[in-house]
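*Asks:* here is a sequence together with a model predicted from it:
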Amino acid sequence: LVALPGPPAELQPMVKRHLIPRLRRYASKGVIHSRTLKLTGVMESEVDSKVRDLLALEGGVTVGIYAHPAQVDLRITARADSLPAAQRRITQIEAKIRRRFKHLIYGADDETLEGIAGKLLRRSRRTLAVAESCTGGLVGHRITQVPGSSDYFRGGVVAYADAVKEAVLGVPSSTLRRQGAVSPQIARAMADGIRKLTGSDLGLAITGIAGPAGGSKTKPVGLVYLGLATPQGTQVQRHQFSGDRSTVKFKASQAALDLVRWFLLC
């Protein structure tokens, strides 16, 4: 064992008289515990308006709001004499928040959207494949960051060029000429194509304009179409995202994973 040096002799009276009592006072305050609820598909302003009364809480429990690209976090922090007491305070507030937002809350603490989507896929015994254009493989990357994703993820195609959309996914060249690569028709065809190609239960497609160039008045930068092909049919969503290229790509991947989550919940 190595003895650590104490404070210099001239400082010892100050340490005993001031520092040690202060540390004891802090130690006697009990525990501080936090829990973070994660929401997506909703604006920070909308979240703020629904929890304004909770944001004003003081004392034993408080709530804070933290915005991220395509995500809003609500952190509940409780101070109590013991961990179980702090957890009980958090549970009471969490129940109120969940009643207000329901399925807009996708997870808590260290949970990720790709992890939650994976749990739902595994639970429902469904498989997924992705066809990506503007996201360049980001959705597939996020899915495969989850250990065990091979149980439900069949694979993906980065169909960036129109020729690849045609040759690999079977997107009609006539539709590409008439509608353009960024259109609801192409998102639908890509989703149907990847589902047929891989034999997956669900086919997810993303096509859009990440920018900074390539936009127009009718198809501005940040325009993204998502397609989800299922045994019941194919649905398409339109999104208009803001931000730089990497932000648009991330927001598109977030919306795509959330589309899968909502389908599996309903």
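*Replies:* Perfect, thanks for sending it.
*Asks:* just for the stretch 151-266 of the chain, where's the confidence low?
*Replies:* Within the stretch 151-266 of the chain, not a single segment meets pLDDT under 70.
*Asks:* for it, which segments count as strands?
*Replies:* Taking DSSP state E, counting those that start in this stretch as the test, the strands found in the stretch 151-266 of the chain are 153-158, 202-208, 223-230, 233-240.
*Asks:* now the helices for the stretch 1-150 of the chain?
*Replies:* For the stretch 1-150 of the chain, applying DSSP state H, counting those that start in this stretch gives helices covering 12-14, 20-27, 44-55, 83-101, 113-124, 138-144.
*Asks:* can you tell me which of these is most buried?
*Replies:* helix 138-144 (a mean of 21; mean count of other Cβ atoms under 10 Å). The C-beta positions use only the backbone N, C-alpha and C, and glycine is treated the same way.
*Asks:* which other helices and strands contact that helix?
*Replies:* Counting contacts by 3 or more Cβ pairs under 8 Å, 6 or more residues apart in numbering; DSSP states H and E, helix 138-144 packs against helix 113-124, strand 128-132, strand 153-158, helix 245-265.
*Asks:* what comes into contact with it?
*Replies:* Residues outside helix 138-144 that contact it (Cβ atoms under 8 Å, 6 or more residues apart in numbering): 112-114, 117-118, 128, 130, 132, 149, 153, 155-156, 158, 204, 206, 249-250, 252-253, 256-257.
*Asks:* only the buried subset of these, as a PyMOL command please.
*Replies:* Filtering the contacts of helix 138-144 down to the buried ones (16 or more other Cβ atoms under 10 Å) takes a single PyMOL command:
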select buried, resi 113+114+117+118+128+130+132+149+153+156+158+204+206+249+250+252+253+256+257
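*Asks:* wait, what's in contact with Leu74?
*Replies:* Leu74 touches 36-37, 39, 47, 51, 63-66, 97, counting by Cβ under 8 Å, 6+ apart.
*Asks:* switch to 6 Å and redo it
*Replies:* 37, 65 (Cβ atoms under 6 Å, 6 or more residues apart in numbering).
*Asks:* beta partners for it?
*Replies:* Leu37, Ile65 (DSSP bridges).
*Asks:* what pLDDT is listed against it?
*Replies:* Listed pLDDT for Leu74 reads 98.
*Asks:* ok, the residue most central in space within the chain - contacts?
*Replies:* The centre of the chain sits closest to Leu113, judged by Cα atoms, centre = their mean, with a distance of 4.3 Å. Neighbour list for Leu113: 106, 257 [criterion: Cβ under 6 Å, 6+ apart].
*Asks:* that one and Val168, how far apart?
*Replies:* Leu113 sits 27 Å away from Val168, going by Cβ to Cβ, to the nearest Å.
*Asks:* I'd guessed Ile209 sits against Leu223; true?
*Replies:* Yes. Contact criterion Cβ atoms under 6 Å: Ile209 and Leu223 qualify, at 5.3 Å.
*Asks:* closest to Leu264 out of the strands of the stretch 151-266 of the chain?
*Replies:* Checking those against Leu264 by Cβ to Cβ gives strand 202-208 as the closest, at 8.6 Å.
*Asks:* distance from the chain centre to that closest one, please.
*Replies:* Relative to the mean C-alpha coordinate of its chain, strand 202-208 is positioned 17 Å out (Cα atoms, centre = their mean, to the nearest Å).
*Asks:* straight-line length of stretch 51-68, end to end?
*Replies:* Start to finish, the residues bounding stretch 51-68 are 17 Å apart (Cα to Cα, to the nearest Å).
*Asks:* now the end-to-end length of stretch 153-163.
*Replies:* First-to-last distance for stretch 153-163 - Cα to Cα - comes to 25 Å.
*Asks:* cool, stretch 217-237 as well?
*Replies:* First-to-last distance for stretch 217-237 - Cα to Cα - comes to 19 Å.
*Asks:* okay, buried residues for that stretch please.
*Replies:* So, applying 16+ other Cβ under 10 Å, buried residues of stretch 217-237: 221-230, 234, 236-237.
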